[in-house]
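> Have a look at this fold, sequence not included:
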Ligand code: AMP
Ligand code: ZN
């Protein structure tokens, strides 16, 4: 089925066609592994997962999906430093070596991240690669060299900066986001990875070495510039290396439109002479009481927090499907619990399909499938797709359906599970109602 997607570049819904026949190449900005990801972050990864699954199952494409691991940036370095308050004893003992400390911190949280996304139903086998930034330093340096050679970057005090004013002479800077150029002054530089649109200035590609931080040697046309990459250049280099340019789809949360993705476009285009991707797809925020869930606002829950409060990761996965990815998801515990009920409602219906029964009602399962797939093909409209499913379940009792309809429904749920990965497709297991003797005795005591 033809897939339509909202493209943040054209700001319209477009019909999707891969650059390379039947293969979709997709890059998702992954986690910064300085702490456990919160469920706002998880929304971004679940959105990317949904998109790649819809492309496979509804669009019938092959997908090459890459999600990077940001294991070097301002925050990972901050929290890995000797004496950092964020250091946990589970990470091991800190050393005098900043590289080693960074490695221990980021590997610890990378492992936690992989555990979390697996619990959330992301199948690691669907990922073609999860590149770590520190393994692509050469490619980043190569790209910086190209940008400098093409006249769009310069060295200052041992760091390399992208020259926004120079780039704007013949190119648009602000393709994903309306930018505020009032404060842009040639030669004013910004060194941090994150900054606001009012702070548009020359951004850093390579940061000069600091005393207690990890660094790599960098020979830039004969000049020695020990240091480390800026955050934006990491993605530009890794996506080119692993997917080739232009690839088809780049995903991330809307907060990444600026500066991260805008800077990625400027870097890739000025260095490689080509746009990185054709489609830019962004998910909206998961909010708490009207505010983006964020570590900096201290209004966040990790998946581990929710599990300890009795929430099943699949409740979170299913809850994300209840709202369109481009609308704000308002997180509440009641909302998540309500979604659990909805998930169970479908599950009970599925269990019933596996029971022997002698119903005779024929339902039009082809039409149901077509309606659900059409909604998914229409910019991943999961709430409407699920509404079709619920209205079917409300209209039919599984036990009254003919065997043929039941078999067709089971087939449909198999392909829906390839997308939603949420239901158990088998007969309900008898619960063991007999209390084991030792438990009984413990309860007595
Ligand atoms: P980070 O680890 O901070 O680089 O973020 C990882 C991903 O989570 C990025 O795609 C962000 O845009 C996304 N993200 C961060 N906060 C939220 C939120 N509250 N809701 C949805 N996505 C978010
Ligand atoms: Zn990125």
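Perfect, thanks for sending it. Source: prediction; values computed, not measured. Ligands and ions are numbered 1, 2, ... in the order given.

> now the protein, which segments are flagged as low pLDDT?
Per-residue confidence for the chain (pLDDT under 70) gives these ranges: 432-433.

> Just the closest residue of it to ligand 1, please.
Using Cβ to the nearest ligand atom, the closest approach of the chain to ligand 1 is made by residue 253 at 2.1 Å. The C-beta positions use only the backbone N, C-alpha and C, and glycine is treated the same way.

> Would you agree that residue is in contact with residue 285?
Yes: with the criterion set as Cβ atoms under 8 Å, residue 253 and residue 285 qualify as a contacting pair; they are 6.9 Å apart.

> Find the residues that touch each one of those two.
Common contact partners of residue 253 and residue 285 (Cβ atoms under 8 Å, 6 or more residues apart in numbering): 40, 43.

> contacting residues for the nearest residue to residue 231 once chain neighbours are set aside?
In space, and not counting its chain neighbours, residue 231 is closest to residue 193: 3.8 Å by Cβ to Cβ, 6 or more residues apart in numbering. Applying Cβ under 8 Å, 6+ apart to residue 193 gives the contacts 73-75, 230-232.

> Residue numbers of this structure in contact with ligand 1?
Taking Cβ under 6 Å from any ligand atom as the measure of proximity, the chain contacts ligand 1 at 29, 31-32, 40-41, 43-44, 252-253, 255-256, 283, 285-286, 292-294.

> one more time with 5 Å
Contact residues of the chain with respect to ligand 1, defined by Cβ under 5 Å from any ligand atom, are listed as 29, 31-32, 40-41, 43-44, 252-253, 255-256, 285-286, 292-293.

> Now, the residues you listed that are in helices?
Filtering the residues of the chain next to ligand 1 for membership in helices, criterion DSSP state H, returns 40-41, 43-44.

> wait, is residue 26 part of a helix?
No: when classified by DSSP: H, G, I helix; E, B strand; the rest coil, residue 26 is found to be strand rather than part of a helix.

> Pull the number of nearby residues for it.
Residue 26: 26 surrounding residues under other Cβ atoms under 10 Å.

> Run through the bridge partners of it.
On the basis of DSSP bridges, residue 26 takes part in beta bridges with residue 65, residue 249.

> residues contacting the nearest residue to residue 427 once chain neighbours are set aside?
Taking Cβ to Cβ, 6+ apart, and ignoring the residues beside it in sequence, residue 427 has residue 354 as its nearest neighbour in space, at 4.0 Å. With contacts taken as Cβ under 8 Å, 6+ apart, residue 354 has the following neighbours: 410, 426-428.

> again with residue 304
For residue 304, the set of contacting residues under the criterion of Cβ under 8 Å, 6+ apart consists of 36, 116.

> Which secondary structure element is home to it?
Counting by DSSP states H and E, the element that carries residue 304 is helix 303-308.

> Residue 313 and residue 56: what is the separation?
Taken as Cβ to Cβ, to the nearest Å, the spacing of residue 313 relative to residue 56 amounts to 22 Å.

> Ok, residue 65 next?
As defined by Cβ to Cβ, residue 65 lies at a distance of 10 Å from residue 56.

> Repeat that for residue 418.
7 Å.

> Looking at these two, which is more packed in?
residue 56 (17 against 14).

> secondary structure class for the nearest residue in space to that one that is not next to it in sequence?
Counting by Cβ to Cβ, 6+ apart, the nearest residue to residue 56 once its immediate chain neighbours are dropped is residue 63, at 5.5 Å. Secondary structure of residue 63, reduced to three states by three-state DSSP: strand.

> contacting residues for residue 63?
Taking Cβ under 8 Å, 6+ apart as the definition, contacts of residue 63 comprise 23-24, 26, 52, 55-56, 126.

> From those, which land in helices?
Applying DSSP H to the contacts of residue 63, the entries found in helices are 52, 55-56.

> If we check ligand 2, which of these are in contact?
When Cβ under 5 Å from the ion is applied, no member of the ones in helices among the contacts of residue 63 is adjacent to ligand 2.

> Which one of the residues you listed is nearest to ligand 2?
For ligand 2, the closest of the ones in helices among the contacts of residue 63 turns out to be residue 52, at 16.5 Å, with distances computed as Cβ to the ion.

> need the contact list for the closest one.
Shown in contact with residue 52 (Cβ under 8 Å, 6+ apart): 24, 26, 63, 65, 126.
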